[in-house]
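[1] Based on what follows, work out the 3D shape:
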Amino acid sequence: MRGDTLAPPTRRSDRDQTPHAAAGRRWPPGSGVVALGDGTEVASWLDDETGRRSPMVESSAMHEQWTNFFLGEAGAAAALTGLLVVAISININEIVGDRALAGRAGENVAILAGSLVAASLALIPVQDRPWLGLEVAAVGIFVWTIPVRTQITAVRQGLGKAAPTFRSRVFLTQVATVPTIATGVLLATGQPAGYSVLAFGILATFAVGILGAWVLLVEILR
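    Okay, the predicted model is just below:
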């Protein structure tokens with residue numbers, strides 16, 4: 001009728017605008033749905049007072065932002081690990097005959113393999129940040145103990161020709177291994193900065209691994 005007026009459409013709050021229909025099911029009031037890059041949808045509870053996304057949703061979103069980076073780093077770590085193994089196999093007689101070189105070869109393989117495992121763990125989908133932190137911390141501590149043990153053994157047995165470069169060797173292995181442990185602590189406590197620290201640690205392992213491959217492939221023959 002002419003005298004009737006249309007009522008303005010009711011505007012849904014941000015909390016009600018979550019893609020419930022896209023999920024193909026009815027979600028309870030106050031719930032949210034997050035669509036991940038692979039098409040899966042993760043339901044999570046929103047805060048009843050603020051309507052903000054829950055920590056699990058924030059963690060999933062942050063995790064997805066780093067996926068492409070860690071995917072590339074995992075491939076690069078695998079390639080560098082293979083390069084190092086080739087370098088060791090070429091000069092295997094010289095390396096086995098020198099305890100310092102054998103220890104350094106083991107250190108570099110462990111460091112690069114550790115970065116490969118850490119990057120692979122970061123690619124596991126829909127994983128809580130604290131669990132990822134515990135996993136990365138365990139890998140970091142295990143890898144850290146390998147160069148520490150070999151270097152302590154080298155000091156006890158005598159450094160010999162390796163004495164002039166031993167301090168730099170210790171420094172580089174610490175730079176390459178400690179960030180992974182720090183990453184685990186940060187992620188386990190819910191700090192998203194752990195992803196950036198892990199990225200730095202992986203890049204540091206690449207630098208140390210390339211240097212180690214050069215020493216085992218070229219410098220060993222001088």
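[2] C-alpha only now, for contacts and for neighbours.
    Will do.
[3] count of neighbours near G72?
    Neighbour count of G72, defined by other CA atoms under 10 Å: 11.
[4] And A176, by the same measure?
    The tally of other residues near A176 (other CA under 10 Å) stands at 27.
[5] so where does it fall, helix or strand?
    helix 163-188 (DSSP states H and E).
[6] what comes up buried for the next helix or strand after that helix?
    Under the assignment DSSP H and E, the closest C-terminal helix or strand after helix 163-188 is helix 193-217. Neighbour-count burial for helix 193-217 flags 194-195, 197-206, 208-210, 212-213, 215-217 (criterion: 16 or more other CA atoms under 10 Å).
[7] Summarise which helices and strands helix 193-217 is packed against.
    If contacts are counted by 3 or more CA pairs under 8 Å, 6 or more residues apart in numbering; DSSP states H and E, helix 193-217 sits against helix 67-90, helix 99-122, helix 163-188.
[8] and those as JSON lines, adding distance to P147 and mean pLDDT?
    Listed next are the helices and strands packed on helix 193-217 as JSON lines, based on distance: least, CA to CA, whole Å; pLDDT from 0 to 100:
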{"stretch": "helix 67-90", "distance to P147": "16", "mean pLDDT": "90"}
{"stretch": "helix 99-122", "distance to P147": "5", "mean pLDDT": "90"}
{"stretch": "helix 163-188", "distance to P147": "7", "mean pLDDT": "89"}
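[9] Tell me which of those helices lies nearest to D128.
    With CA to CA, the closest approach to D128 among the helices and strands packed on helix 193-217 belongs to helix 163-188: 9.2 Å.
[10] Buried ones in the closest one, by neighbour count?
    Judged by neighbour count using 16+ other CA under 10 Å, the buried positions of helix 163-188 are 166, 169, 172-174, 176-188.
[11] helices or strands next to it in the packing?
    helix 99-122, helix 129-157, helix 193-217.
[12] Now tabulate those helices in JSON lines and tack on distance to V85.
    Putting those into JSON lines (distance: least, CA to CA, whole Å) gives the following:
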{"stretch": "helix 99-122", "distance to V85": "8"}
{"stretch": "helix 129-157", "distance to V85": "17"}
{"stretch": "helix 193-217", "distance to V85": "9"}
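[13] Figure out which of those helices is closest to A87.
    Go through the helices and strands packed on helix 163-188 one by one with CA to CA and the one that ends up closest to A87 is helix 193-217, at 5.2 Å.
[14] give me the number of residues near I124?
    Based on other CA under 10 Å, the number of other residues close to I124 is 12.
[15] Look up how far G140 lies from the residue nearest to V170 when sequence neighbours are not counted.
    Once its chain neighbours are removed from consideration, V170 has its nearest residue in Q151; the separation is 7.5 Å (CA to CA, 6 or more residues apart in numbering). Applying CA to CA, to the nearest Å, the value for Q151 to G140 is 17 Å.
[16] So between the two, which is more surrounded?
    Neighbours were counted for Q151 and for G140 using other CA under 10 Å; G140 has more, 25 against 20.
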